[in-house]
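> Give me coordinates for this.
(2 chains)
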Amino acid sequence: MRQLSIMVDLDRCIGCKTCIVACRNHHDIIDHENDQPGAIPNYLRVESKLEGTFPSLQEDYWVVMCQHCKKTPCAKVCEVGAITKDEQTGIVLIDQEKCNGCGECIDKCPYKVIQFNKQNNYAHKCNMCYDRVTHGLDPVCVDVCLTDALSFGEKEILLMQAEADGKQVIKKMSTQSIIYTKTP
Amino acid sequence: MYEDGWIPTVCYQCKAECAILARVEDGVVKEVKGNPRGRGKACVKGMAGITSLYSSERLKYPMKRVGERGSGKFERITWDEAMGIMETKLTELRDRGEAHKFTYSMFPHSVTDPKWRFVNACGGFISTGLPHCDSAKIMAHMHTFGCFPNHHIAPMYNTVPKGGLMILSGRHPFGCLDDACVPKHILDAKARGAKLIVIDPIYRTEASKADWWIPIKPGGDASLFLGVCNYLLANDLHDKEFCDKWVREGDMESLKAYIADKTPQAMSKICGVPAADIEKLAKMVAEAPSACIDAFKSIMYGNGMDWGHAWSTFLVITGNLDNPGGQPLPEIAPMAPVEPVPAGPDLGELGYHRTGKNREKFDNYNFFLEPTWYAAQAIKDDGLKVFFASECNPALSEMGSGEWRKAVTMKDENGDYKLELLVVTEIMPSETMKWADLVLPDQTNFERWELLYMPWWYNFGHGTALCQPVVEPIGEARHANRVFIELGKRMFPEYFAFKDDVEYYDIELAGVGMSVKKLQENGGLWSPGTAGFRKYEDQGKFNTPSGKIELEWQMYKDIGQEWPSPELPLEYRRGEEEFPFILVNFRTIFLNNTGAWSQNNAQLRDPASGLDANPCLLNPIDAKKLGIADGDTVTMESGSGKVEVPIMLTEKIIPGCAGIIHGFGQTMGKVASRGNWIGDNELIADAGSTLDEQDMRGGEAHVSTRVKIYK
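Presented below is the predicted three-dimensional model:
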């Protein structure tokens, strides 16, 4: 199966969260007029890890989103077959027409990236901007990334690119379609 | 009238004003991104600008205060009534010969901002709408090499060569108060082999990407770089050819004599950076093809001018002026004047603070605008009678904000407010609005016209960008520029003979052969395409009185300040026993921290996409001594005030310092008011009442104090 991927360069991610808000805007998942902090869905989240003690420190930032897993634990528990892995792109999609809002996929997702839309009673998540990538565009998060820490393409090509740049793929975070890299 | 699609305009979620594209669909802004023709980036604040536009808390019509100032109670009025109130008061002020007692606190968006024109026509003053965070840099660079930079004029990171040094000294460009392309430019330069050195008491995102993080005592920058200069000169590692050609005769000898005892060992004792590291930095500079410095917090301390002087000296002796990877000397787009041009008040005659009482102290004060921080004192001294504020928030985001709030409620013997009129233009409820007599609903950058060409841009002033309305304005909101053009037409028709703001910009644009329409057709941007290097070589001189670089500031000889002092700021050198911690306030990318539009933005105050809390950062070593645990709520107290704040223990902060994000604490608005009152300015003294801490040459102590921390 073809697999489209996003590569996150930890040498360049500054944890600014621009991608999060751009994603909300593009997918229209925010009610700008009435939303309150904490009630706003987000398909992406930023994590960080600080190591060392003062003054020898190292901190990394990275963005976490749907990993578009090969083995799709979310799809496996979906009783109504609303979650599928698209053959053409490798993107995991939720069909909101079919979704009955049971929430099983939310519990099963190992990355905790599926959201529940209370208003419409369905699950939703990052679809790697299926609407854009099938028209030859990058996902929005990649398009707007402040530092060009994100890149998009065929997984195999991105891995070759990382190798050519001397980057190390961080294995514990790269078992799925999203690739995390850093200079060793 | 309005088109669908991606429309070029300009962001205004902070002062950097990045060129953006807004996607409009059925008359609604849906998305924002950087304009690829203008370096192509917009940060998280820019993305969240849509929330400011469509917030349910938008101010939609003019309001007049009912009840006392500070009660925050208003009633709706018409625009005509609001205009009448302002016209009547300003006319009365002028008729009694006190036009200079009018100050408009604003951030001018161009050097001929229509609001500024209005103030000049009135004979009042402007202050920059935020503390003069960069006045020390501006004055230091002007004195030394005649350059007019500003804090937005970062070094040209896109020109830093392989091996070049990018030095950030208390600067936070990943916080995007620079153009949003700057973080990418820094990381691109690093990727091609430049080195990033971050000097900061707190390990922040910049430090996480740095080749070398140098923790330093706050305010120690001047001593650190004097130590570097000492080493370079003592070891003949400076750019001798450049200095021989361009530095005023005698200045190098005087500098060497002055700096002889500023050895790395001696300076280490002041700044806390090991002498070996100061020497290492000097050697790196000597070997590098270029070096640039960008600083921000450190130019806001009481020794900001000393630091600016040391910084300028460093750039000169290393030959890093207007070269790739060095300090740019900006140019301003040659716009046409809108004749006749009002002259404005005479600073020489009226004095910078124009209040009388402290006038002598200001004799050497050199900044070209009124000091914002002096407002509270000027009200007390009857030197300020009418105060307008746009895109600023003095009740919250300027030092001594508590004193400001007290001053605006002071009354005279007749029971009238000493400050006779306080007008605020605002997009959403702000802290300052609470005290206003008139609140005028302003427009976001998606609803207004504005022409931007400024020396404080990352494009070095050599270009223009058009902010154009992409959707219908909300309610009765009117942009402040239009309001004051209209008021100008009523009061000074000779200076406001043009039709409206668009015609005003058309006249200005004729200077570069453009018009608003042509600019629209040109993707919203105009640029000659080059910034140019080493322009002083073409000119054969620097823009100083002697035409040469002036290292020794001879005009300050009578006050013994012709050379930079290496000492820490006065406010850090006293009260150490009672207040053992130095307060370090800092910025983040998630808040503008000045206006209400980012304070009250649900996305920027969301835990997932912004910040909703402002804990005090403390090193675990200090916490252990105090018996404080992570998450404890403590009292942080300075000589000026105290706040309750939760503690976050972190290895990221140098022991002996307490870190807090600048600008929290708003109580107005349903979003911001969720947070506790933990504004850092509650701890910082009103600068007017602590004049001995101010550097009266143009540097300003407005972020710094010592604190004690207890449970």
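> Would you map the strands across chain A?
A:4-9, A:45-53, A:56-64, A:83-85, A:92-94, A:115-117, A:122-124, A:150-154, A:168-169, A:179-182 (DSSP state E).
> What is the neighbour count of residue B:337?
By other CB atoms under 10 Å in any protein chain shown, 10 other residues sit near residue B:337. Every residue, glycine included, has its C-beta placed from N, CA and C.
> Could you pull up the residues touching residue A:54?
B:203, B:215, B:619, B:621, B:651-655 (CB atoms under 8 Å, 6 or more residues apart in numbering or on different chains).
> And the next helix or strand past the worst-scoring helix or strand of chain B on mean pLDDT?
When the helices and strands of chain B are scored by mean pLDDT, DSSP states H and E, helix B:347-350 comes last with a mean of 80. Toward the C-terminal end, the helix or strand that comes next after helix B:347-350 (DSSP states H and E) is helix B:375-380.
> List the contacts of stretch B:335-348.
B:99-100, B:110, B:112, B:117, B:119-121, B:123-125, B:368, B:453, B:464, B:492, B:494-495, B:498, B:504, B:507-512.
> Got a quick PyMOL command for the buried subset of the residues you listed?
The following PyMOL line selects those of the contacts of stretch B:335-348 that are buried, judged by 16 or more other CB atoms under 10 Å in any protein chain shown:
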select buried, chain B and resi 99+100+110+112+117+119+120+121+123+124+125+453+464+492+495+498+504+507+508+509+512
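> how much space between the residue sitting nearest the centre point of chain A and chain B?
The residue lying closest to the centre of chain A (CA atoms, centre = their mean) is residue A:65, at 2.3 Å. Here residue A:65 is placed at a distance of 12 Å from chain B (CB to the nearest CB, to the nearest Å).
> show me the contacts for that residue.
Contacts of residue A:65 (CB under 8 Å, 6+ apart): A:6, A:43-45, A:113, A:126, A:141, A:178.
> In terms of helix, strand or coil, where does the residue sitting furthest away from the middle of chain B fall?
In chain B, residue B:414 marks the outermost C-alpha relative to the chain mean, sitting 38.1 Å out by CA atoms, centre = their mean. Look at residue B:414: counting by DSSP: H, G, I helix; E, B strand; the rest coil, its state is coil.
> What pLDDT does the model give it?
If you check residue B:414, the pLDDT there is 97.
> what's the answer for residue B:1, then?
56.
> swap in residue B:459?
60.
> so how many other residues sit close to the closest residue to residue B:595 other than its chain neighbours?
Sequence neighbours aside, residue B:391 is the residue nearest to residue B:595 in space, at 5.4 Å (criterion: CB to CB, 6 or more residues apart in numbering or on different chains). Per other CB under 10 Å, the neighbour tally for residue B:391 reads 25.
> repeat for residue B:359
For residue B:359, using other CB under 10 Å, the count is 15.
> Would you confirm that it contacts residue B:350?
No - if you go by CB atoms under 8 Å, residue B:359 and residue B:350 don't touch, sitting 9.4 Å apart.
> circling back: nearest to residue B:709 among the contacts of residue A:54?
Of all those, residue B:619 has the smallest distance to residue B:709: 11.7 Å, by CB to CB.
> what sits against the closest residue to the closest one other than its chain neighbours?
Distances taken as CB to CB, 6+ apart place residue B:655 nearest to residue B:619, at 4.4 Å, with adjacent residues excluded. Counting by CB under 8 Å, 6+ apart, residue B:655 touches A:54, B:619, B:621-622.
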